[in-house]
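Colleague: Have a look; sequence and predicted model below, questions after that.
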Amino acid sequence: MFKLPLMLLLDREAFWKTLREHDIGWAKVASMVVFVIIACTVYGVVMAGWRSPKLALFAATKFPLLFIGSTATVAIFNWMVATIVGSGLSFRETVALTFASMTVACWILLALAPVALFLSLTGVPKVGEAPTAEVQFAYQLMLMTHVTVLAIAGVVGNASLFNGLRAVVRPACPMMALFAAWIALFAIVGCQMSWILRPFVGNPFTEVAFFRADAFKGNFFEMVFGNLLPNLLF
């Protein structure tokens with residue numbers, strides 16, 4: 001069932017060879033999708049379990065939805081761009097390559113989940129048992145830690161995507177332009193979908209909810225660079 005996800009962990013060159021030989025069917029792509037769902041469910045519980053079991057259940061539902069939804073959306077646009085630049089990739093191969101990078105990213109999430117869990121269990125004091133400013137700072141620090149973990153997973157996943165493109169596209173394809181377009185799509189779609197589907201970590205001063213009432217107000221980049229980083233650094 002998880003032959004391809006394990007191949008991407010243990011022998012990535014074998015995966016690129018399989019893709020290059022057009023030996024990846026939809027059933028194999030589905031195995032990567034299932035692995036991504038399982039990994040994201042685990043990490044979703046880690047992100048929100050400190051806040052309440054209810055939010056943990058919500059995050060375990062929404063985090064896989066975030067990864068699968070953003071990857072599927074990006075895969076469609078990736079195929080359009082790949083076709084325009086003459087990469088030689090079919091739609092199925094583009095989808096497989098896109099989910100392969102996400103599978104690698106999910107291996108990183110699983111590897112760092114114990115670190116995130118330790119922080120969640122020890123780094124945030126309970127509301128009412130510590131000064132409000134201390135709880136708020138701890139929450140923001142934990143939130144920034146999860147953003148960093150996700151960024152690391154994304155960088156490693158996209159590094160594998162770069163190697164995969166180099167192994168499978170036609171020699172005449174402008175690979176760097178194709179890779180840059182794919183990365184931009186991943187960043188824009190993934191970050192904004194995460195903003196719409198929040199909360200994942202759960203603010204200790206707000207009620208637990210599946211969606212925020214202001215889900216479509218503002219954006220991810222405004223939150224990170226206009227709110228989180230200034231509060232942590234200054």
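Modeller: Here it is on my side, so go on.
Colleague: got the contact list for stretch 198-208?
Modeller: For stretch 198-208, the external contacting residues (C-beta atoms under 8 Å, 6 or more residues apart in numbering) are 44, 47-48, 50-52, 54-55, 58-59, 62-63, 124, 127, 132, 135-136, 139, 142-143, 146, 194, 209, 211-212, 215. Yep, even glycine has a C-beta here, placed from its N, CA and C like the rest.
Colleague: Give me the buried stretch members for the helix or strand hosting residue 111, please.
Modeller: Assigned by DSSP states H and E, residue 111 falls within helix 91-122. By neighbour count on 16 or more other C-beta atoms under 10 Å, the buried set for helix 91-122 is 92-110, 112-113, 116-117, 119-120.
Colleague: contacting residues around the residue sitting nearest the centre point of the chain?
Modeller: Per C-alpha atoms, centre = their mean, the C-alpha nearest to the average position across the chain is that of residue 67, at 5.4 Å. Each residue near residue 67 by C-beta under 8 Å, 6+ apart is listed here: 36-37, 40, 102, 106.
Colleague: So which elements touch the host helix or strand of residue 155?
Modeller: Residue 155 is part of helix 132-168 when elements are defined by DSSP H and E. Where contact means 3 or more C-beta pairs under 8 Å, 6 or more residues apart in numbering; DSSP states H and E, helix 132-168 is packed against helix 12-20, helix 91-122, helix 175-196, helix 229-233.
Colleague: can you redo these as JSON lines with mean pLDDT?
Modeller: Below are those laid out as JSON lines (pLDDT from 0 to 100):
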{"stretch": "helix 12-20", "mean pLDDT": "89"}
{"stretch": "helix 91-122", "mean pLDDT": "91"}
{"stretch": "helix 175-196", "mean pLDDT": "87"}
{"stretch": "helix 229-233", "mean pLDDT": "60"}
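Colleague: how about the helix holding residue 155: buried residues?
Modeller: Result for helix 132-168 [16+ other C-beta under 10 Å]: buried residues 135-136, 138-140, 142-147, 149-150, 153-154, 156-158, 160-162, 164-165, 168.
Colleague: CA atoms of stretch 62-71 as CSV?
Modeller: The C-alpha trace of stretch 62-71 is given here as CSV (Å, rounded to 0.1, in the frame of the first residue of the first chain):
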residue,chain,number,x,y,z
LYS,A,62,-8.8,20.2,8.3
PHE,A,63,-5.1,19.7,8.1
PRO,A,64,-5.4,16.8,5.6
LEU,A,65,-8.0,18.8,3.8
LEU,A,66,-5.5,21.7,3.6
PHE,A,67,-2.7,19.5,2.2
ILE,A,68,-4.8,17.5,-0.2
GLY,A,69,-6.8,20.5,-1.4
SER,A,70,-3.9,22.7,-2.0
THR,A,71,-1.8,20.0,-3.6
